[in-house]
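Engineer: The following comprises the amino acid sequence and a computationally predicted model.
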Amino acid sequence: MKMNSLFRPLAVVTTASALLLSMGCVSGLSVQNERGVAAIRDNDFATATDNFNQILDANPDNKLALNNKGIALHEQGDYIGAIQAYDEAIEIDADYAYAYNNRGLAEFRVGNNENAIADFGEATEIEPNYYEPYHNRGVVYGVQGEYEQAAGQFNEAIELAPDDEALAHSYYERGRVYEAMGDMDMARMDYQASKDAFDIGPKVDDALARVGS
């Protein structure tokens, strides 16, 4: 069974009060960021990029804007530009877990799996209870056929899932790992657990039918 990638979303940051308090024109920059975030949520990534660039014109060291600009570029398919934005954010704050997670996603998109795994690892070193990088590292391991490592990452993700939807995604992905390993009983249990946790679409019913519900 070939594993396809299903990552958790990029970490959009809407507030960073500690950072903003050190800036001039705090309210203006904050409003500009919120506009950019709203544009991302509306899938208007070019407008989002423009908003974050305006913030960076005023303050090039705004890690919040760099992270969110990276997301906007990523969603436009500019993975190299996204990586550069995350690099700058991490240069400003070496403990910026969101930027590591997001850079890992972009690294994967350009085929740098080992860099992606390393970035997800950095994110979990900084924030041990940060769910997304465990899930995302599990996906990369699964794509590489390293199923034991993938299952271990999804175990962590399932323990840390912040909501039922996240839990359903991680159960589903771990089920795919077990299915790829030929353990249909474990796969079936995980697919059922995913279905019970949250409706993430017909793919779960398809998986249950495939392994025998």
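Structural biologist: Received, thanks. Numbering: from 1, shown residues only.
Engineer: And for residue 202, the neighbour number?
Structural biologist: Counted with other CB atoms under 10 Å, the burial measure for residue 202 works out to 8 neighbours. (Glycine included, C-beta is placed from N, CA and C.)
Engineer: Oh, that last question was meant for residue 166, not what I typed.
Structural biologist: Counted with other CB under 10 Å, the neighbours of residue 166 add up to 21.
Engineer: What is the helix or strand residue 73 falls within packed up against?
Structural biologist: Assessed by DSSP states H and E, residue 73 sits inside helix 63-75. The contact analysis (3 or more CB pairs under 8 Å, 6 or more residues apart in numbering; DSSP states H and E) places helix 63-75 against helix 17-20, helix 26-41, helix 45-58, helix 79-92, helix 97-109.
Engineer: pLDDT of that helix, averaged?
Structural biologist: Regarding helix 63-75, the rounded mean pLDDT is 92.
Engineer: Equivalent analysis for stretch 42-60, please.
Structural biologist: Per-residue pLDDT values over stretch 42-60 give a mean of 94.
Engineer: on that earlier part again, kindly calculate the angle that the helix holding residue 73 makes with helix 79-92.
Structural biologist: Helix 63-75 runs at 160 degrees relative to helix 79-92, counting by axes from the mean of the first three to the mean of the last three CA atoms, to 10 degrees.
Engineer: Out of the helices and strands packed on helix 63-75, name the one with the poorest average pLDDT.
Structural biologist: helix 17-20 (a mean of 27).
Engineer: roughly how far apart are the closest residue to residue 127 other than its chain neighbours and residue 212?
Structural biologist: With sequence-adjacent residues excluded and distances taken as CB to CB, 6 or more residues apart in numbering, residue 127 is closest to residue 97, at 4.2 Å. Separation of residue 97 from residue 212 (CB to CB, to the nearest Å): 40 Å.
Engineer: These two: which has the busier surroundings?
Structural biologist: Neighbour count, other CB under 10 Å: between residue 97 and residue 212, residue 97 has more, with 21 against 9.
Engineer: How about the contacts made by the more buried one?
Structural biologist: For residue 97, the contact set (CB atoms under 8 Å, 6 or more residues apart in numbering) comprises 122, 123, 124, 126, 127, 130, 133.
Engineer: swap in residue 186?
Structural biologist: Listed by CB under 8 Å, 6+ apart, the contact set of residue 186 reads 175, 178.
Engineer: and it, what element?
Structural biologist: Here residue 186 sits within helix 184-197, counting by DSSP H and E.
Engineer: In contact with residue 157, which residues?
Structural biologist: Per CB under 8 Å, 6+ apart, neighbours of residue 157: 131, 134, 135, 138, 166, 170.
Engineer: What's the local residue count around the closest residue to residue 76 other than its chain neighbours?
Structural biologist: Once flanking residues are discounted, residue 76 sits nearest to residue 45: 4.8 Å by CB to CB, 6+ apart. Residues near residue 45, counting by other CB under 10 Å, number 19.
Engineer: likewise the one 5 residues further on?
Structural biologist: Residue 50 sits with 16 neighbouring residues when counted by other CB under 10 Å.
Engineer: now it: how far from residue 72?
Structural biologist: Distance, residue 50 to residue 72, using CB to CB: 9 Å.
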